[in-house]
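Engineer: all I have is the shape, not the residue letters:
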């Protein structure tokens, strides 16, 4: 059974559908010109608006027809078709949207007086249509303007129709009762169409006010402001307000912009970028914009409240992208616009941002958060901002004069300038990786030329205000030399060492990039010159040459074009040969560059990070970030990106790192934890280690692989281990502080050295081992050559003959270990005696850890003693006279290459706590064996009848 209200709704929809059809025929169609299209821009704009209105009218009619159809079905089949099938109930939102789109199209035409302008073209037609229009309208005066009647015909039927919707739906709700299943749908429809009434009234009022505004404006202000999208919300002529510091004659608030008029000048401010700041005196409030801030002062508190409320709500609506529905005042409390928002803005005021367009996040009228800056000249910046300045990670692209060439800075920024770690790729193909301060290179950094540069170079070291300053390594690929030393203002200045590809080494003092005062020069054949030089290290002035054979030449040296080197002095041939350790093994740089101060630029950022409490936002800026290699950086075409790997991607957040550190403080767990941390390039300790590896390779690899730098490298590795232990302690202190605990008292020197040599050094040594061991090989090349000759000679002898030569007592010979075939004799067997000890000693080459090498030596001693005990059939402790010959035998059979380099590296890197203990004793015994095998008798087949092991000591 249907309700009377449903029948009334049916009649309402039928009448409205017919009215829309007549409006289309009598009003809309005549307003649309057939041809040709208007030639003036305003005419074309009005035509576009009328076409949009026509389209909205068609959509509204389609929805009305569909609603009419649902009502007819309901009345035709009331038993099978429920009330919820009505489009007005189940599709109320859709019906509502059609009405809103129509009224918005209508008010846009109304604002620019499109109806009046279109009606003028056919004024005679409209006079003839008065009778038809009167049937559509109530109260249309025959004396009124010609264009008014078409405009009223387009909105009055709609207003009446929505009003009837609300009345009939209210009556329907009362009829069906509150317990009816569709009561909720009816209430929702009543609410929506009731709100639509308020919305339509507000839209028509705003359009009428805006239309009236244009009559009060003349000239440029009208031309600039008269657009169909504008809706006037407030005018200072209605509620006076004074604006400072810009003394505006008139203030207009539109739904999308704030306009200040000064004569013919129009200052427009996008409401998306306007922030309202309440005042304190009750008559004033403030507006913040990207480039200007204004105070709005009203005559009284009421005027101030009106303006502040309307501006606030206009900003909120423009940020939402749609007008309030329902209209404020219909039961909803107004909300404040967000302080942070996203928008695009082009700066106009003079300054560094002039003509730049910023797109991104804002807060209180300043770029704040992630965003992009683009200048007309091609400069770009993508990254983080804080209070209007670049702050945090950002990428800056600077175009160069040559086509398609850019300088690309991928760095951390602070208050508008580069500060912290960054990577810069220059248009010259040079790449800088390091630290900045106030936009200049400052701290540690590496500057490297492109792979195809005509004069390749690489500088690894410290910078100060954009200049090389402090300790640094410069490799000149064109000259084939490397400078290791001090810099000032971009020039070599202070003590320095130069190493050349030819093996020549110089140590002296530089001033303004030139050598000054005396220095020393070591040539590849171990000749030594002490005196003065030219800039290219040619001998010049007074000096003394010491030749490898001990001869000396002292006098004045010089050189000239075509004359070669010439000298005037005294040649002394009576001098004794020099001590090899004074020339061949002379070490350079030791003492000139205190190891504690060499790489402070690497250590300092880590210390700053720890002192700041390990904040996440400073982790990349102080510790650096991982990116692709320099070659991949150069290949990259997408400059405005940086594929960085964040610490959280691999080892968790800083909080997780510190928590894990606390869980592994016990001695048994500490070493595995440190090994894991140091091997992870994303862990703070791992990052620090990799930077130290980079400096080590820059100094001692390639051209720097020179025997005269061995001690410099060795003390550097130990210092790195000390600094890494201090870094671990710093992280531990922060972790404990976050738990409200304190680290125990500072370590004494003895405790620290115990941890460094016993715990850290074995973990970090593999990272430096390749370059470090190469220096040991070069330094001990001569002794290792003699040793190799001795090993080659001793390997020619069978086991028994060698044991006899080494004066090993026969009752200690392990003959029972020798398995003979039918045609063999003991005297022919080779490499069978003490085989387990020999194989054990060979393992000394399989590890880089000095302690593990000493443990191998201890096990070798045990194997020798075990073999002897088995031969004798009882436990036997070898006296020194028996041990040394047997150890020499095992060493000769193990055939360890570069044993001298191995021994000296172990001696230099072993834990000082082992001095005087068993390890020290066994290493001393191995050194004695090594020295004995080098002797001439061993190398030249002159085998004495007997030798005494005590001579080794």
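Structural biologist: The structure has been received and is ready for your questions. In this text the structure is predicted, and so the values were computed from the model without any measurement.
Engineer: remind me, longest helix of the chain?
Structural biologist: Counting residues, the longest helix found in the chain (DSSP state H) is helix 41-76.
Engineer: can you give me the buried ones in it?
Structural biologist: 43, 45-47, 49-50, 52-54, 56-57, 60-61, 63-68, 70-71, 74 (16 or more other Cβ atoms under 10 Å). Every C-beta, even on glycine, is put in place using the N, C-alpha and C of the backbone.
Engineer: what's the helix or strand following it in contact with?
Structural biologist: Note on helix 41-76: by DSSP states H and E, the next helix or strand toward the C-terminus is helix 87-90. Residues outside helix 87-90 that contact it (Cβ atoms under 8 Å, 6 or more residues apart in numbering): 9, 63, 66-67, 70, 83-84, 94-95, 165, 169, 182, 185-186, 188-189.
Engineer: farthest-apart pair in those residues, please.
Structural biologist: Spatial extent of the contacts of helix 87-90 (Cβ to Cβ) is set by the pair 63 and 182 at 19.9 Å.
Engineer: measure the closest residue to residue 532 other than its chain neighbours to residue 588 for me?
Structural biologist: Sequence neighbours aside, residue 541 is the residue nearest to residue 532 in space, at 3.8 Å (criterion: Cβ to Cβ, 6 or more residues apart in numbering). Residue 541 sits 21 Å away from residue 588, going by Cβ to Cβ, to the nearest Å.
Engineer: so which of the two has more stuff around it?
Structural biologist: Taking other Cβ atoms under 10 Å, residue 541 and residue 588 do not tie; residue 588 has more neighbours (22 against 12).
Engineer: didn't that one look like it was pressed against residue 498?
Structural biologist: No - in this structure, residue 588 is not within contact of residue 498 by Cβ atoms under 8 Å, at 9.6 Å.
Engineer: ok, then the element right after the worst-scoring helix or strand of the chain on mean pLDDT?
Structural biologist: Least confident helix or strand of the chain, by mean pLDDT, DSSP states H and E, is helix 630-635 with a mean of 47. Downstream of helix 630-635, the first helix or strand assigned by DSSP H and E is helix 654-663.
Engineer: now that next one: buried residues?
Structural biologist: In helix 654-663, counting by 16+ other Cβ under 10 Å, buried: 654, 657-658, 660-661.
Engineer: circling back to that earlier point, the longest helix of the chain packs against which elements?
Structural biologist: Counting contacts by 3 or more Cβ pairs under 8 Å, 6 or more residues apart in numbering; DSSP states H and E, helix 41-76 packs against helix 4-23, helix 87-90, helix 92-111, helix 114-120.
Engineer: so the residue nearest to residue 532 makes contact with residue 556?
Structural biologist: Yes - using Cβ under 8 Å, residue 541 is in contact with residue 556, at 6.6 Å.
Engineer: re the thing from before, who touches both of residue 588 and residue 498?
Structural biologist: 505, 507.
Engineer: so for the contacts of helix 87-90, which is the shakiest by pLDDT?
Structural biologist: Taken together, the contacts of helix 87-90 show their lowest pLDDT at residue 83, with 84.
Engineer: ok, for that one, nearest residue in space, not its chain neighbours?
Structural biologist: Residue 83 sits nearest to residue 182 (Cβ to Cβ, 6+ apart), 4.6 Å away.
Engineer: residues in contact with that neighbour?
Structural biologist: When contacts are taken as Cβ under 8 Å, 6+ apart, residue 182 is in contact with 82-84, 89, 176.
Engineer: one more: residue 294?
Structural biologist: Contacts of residue 294 by Cβ under 8 Å, 6+ apart are 243-246, 286-287.
Engineer: same thing but 10 Å
Structural biologist: 243-246, 248, 251, 258, 260, 267, 269, 274, 285-288 (Cβ atoms under 10 Å, 6 or more residues apart in numbering).
Engineer: quick one: strands adjacent to the helix or strand residue 530 falls within?
Structural biologist: Using DSSP H and E, the element containing residue 530 is strand 528-533. Strand 528-533 has its sheet partners listed here by DSSP bridges as strand 514-522 (antiparallel), strand 539-546 (antiparallel).
Engineer: what's the angle between the helix or strand containing residue 204 and helix 92-111?
Structural biologist: Assessed by DSSP H and E, residue 204 sits inside helix 183-216. On the basis of axes from the mean of the first three to the mean of the last three Cα atoms, to 10 degrees, helix 183-216 is oriented at 10 degrees to helix 92-111.
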